[in-house]
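1. got a sequence here, can you build the structure:
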Amino acid sequence: MELIFNKILKEELTIKEIQEAFETGVLTSKELVMYYLYRIANYDQSGSKLNSILEINPDAIFIAEGLDHERKIKGARGLLHGIPVLLKDNIETKDKMHTSAGALALENHLSTKDAFLVEKLREAGAVIIGKTNMTELANGMSTTMWAGYSSRGGQTLNPYGPGEFFVGGSSSGSAVAVAANLTILSIGTETDASILSPAIQNSVVGIKPTVGLISRSGIIPFTYTQDTPGPFARTVT
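-> Prediction:
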């Protein structure tokens, strides 16, 4: 993994810079996915135990390898080709991962289709590497539930002060994963500050698009009048 890190040179590259590394052969999507899985194992599931990741896509490395081959024979689909992405656990994926919104009641739920935004990400060549922890049912369980806690995943921690600093909710896992360099890009959802709050608390960029601009199809809802998915990244670029 250190050899891959030396290829990357620094952790906080932009998507454009990573695409340049892909095109010049300095880096492959497979290597990048493996590197992030290495960081997840060492800093999220052990070490600091940030607990931002609920589940890993067991096919992520193979998907990345396939996209590397496609780049060689056909060229890149666009800026997201081979880029690792994490999804909040209330966004459905038709694969080997579960979609539970952090609830034990849904821990065995396997979706029969991708959410609309997941379809678009896959079409663009993104590699869905896992699902992120969240405030259970988007903070729909209790008025006193702590932000970033779910019965399925436990408590997500702020990487700038695990156990000390507020993590924000309910898309806390998606924000923490970006802040801790466990991915380049992640997707959360917002009803009322569920993207903006963890973005602020974890010093990353979060955007809540206009409600309805992106289809909510395939997202476990809180309220249809306010819900929308949106991205997290380390910079506006």
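
2. chain neighbours aside, what residue packs nearest to the residue nearest in space to the middle of the chain?
-> The centroid of the chain falls nearest to residue 86 when counting by C-alpha atoms, centre = their mean (2.0 Å). The spatial neighbour of residue 86 that comes closest, neighbours along the chain excluded (C-beta to C-beta, 6 or more residues apart in numbering), is residue 186 at 4.1 Å. C-beta: built from backbone N, CA, C; applies to glycine.

3. ok, that neighbour - contacts?
-> 85, 86, 87, 88, 132, 174, 175, 177, 178, 231, 232, 233 (C-beta atoms under 8 Å, 6 or more residues apart in numbering).

4. where's the most far-flung residue of the chain relative to its centre relative to residue 224, distance?
-> Of all residues in the chain, residue 73 has its C-alpha farthest from the mean position, at 28.3 Å, by C-alpha atoms, centre = their mean. According to C-beta to C-beta, to the nearest Å, residue 73 stands 43 Å off from residue 224.

5. if we can go back for a sec, is the residue farthest from the centre of the chain part of a helix or strand, or is it coil?
-> When classified by DSSP: H, G, I helix; E, B strand; the rest coil, residue 73 comes out as helix.

6. next one: it from residue 152, what distance?
-> Residue 73 is 40 Å from residue 152, where distance means C-beta to C-beta.

7. can you check residue 55 too?
-> 9 Å.

8. which stretches of the chain have low pLDDT?
-> Applying pLDDT under 70 to the chain flags residues 1-11.

9. ok, which stretches of it are helices?
-> Counting by DSSP state H, the chain has helices at residues 2-8, 15-23, 29-39, 60-74, 116-123, 172-179, 196-201.

10. packed most tightly, which of those helices would that be?
-> helix 172-179 (a mean of 33; mean count of other C-beta atoms under 10 Å).

11. I'd assumed residue 228 was in contact with residue 206.
-> No. Residue 206 is beyond contact range of residue 228, at 11.8 Å (criterion: C-beta atoms under 8 Å).

12. tell me which of these two has more neighbours.
-> Taking neighbours as other C-beta atoms under 10 Å, residue 206 and residue 228 compare with residue 206 leading, 25 against 21.

13. what's the nearest residue to the more buried one if we skip its chain neighbours?
-> Closest to residue 206 by C-beta to C-beta, 6+ apart is residue 199, at 2.9 Å.

14. give the contact list for the one you found.
-> 168, 175, 205, 206, 232.

15. ok, so what distance separates it from residue 38?
-> Distance of residue 199 to residue 38, computed by C-beta to C-beta: 25 Å.

16. please apply the same query to residue 69.
-> In terms of C-beta to C-beta, residue 69 sits 22 Å off from residue 38.

17. do the same with residue 147
-> 28 Å.

18. related to what we said a few turns ago, just put the helices of the chain in a markdown table and tack on distance to residue 215.
-> Shown next, in a markdown table, are these (distance: least, C-beta to C-beta, whole Å):
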| stretch | distance to residue 215 |
| --- | --- |
| helix 2-8 | 34 |
| helix 15-23 | 23 |
| helix 29-39 | 26 |
| helix 60-74 | 23 |
| helix 116-123 | 4 |
| helix 172-179 | 19 |
| helix 196-201 | 21 |
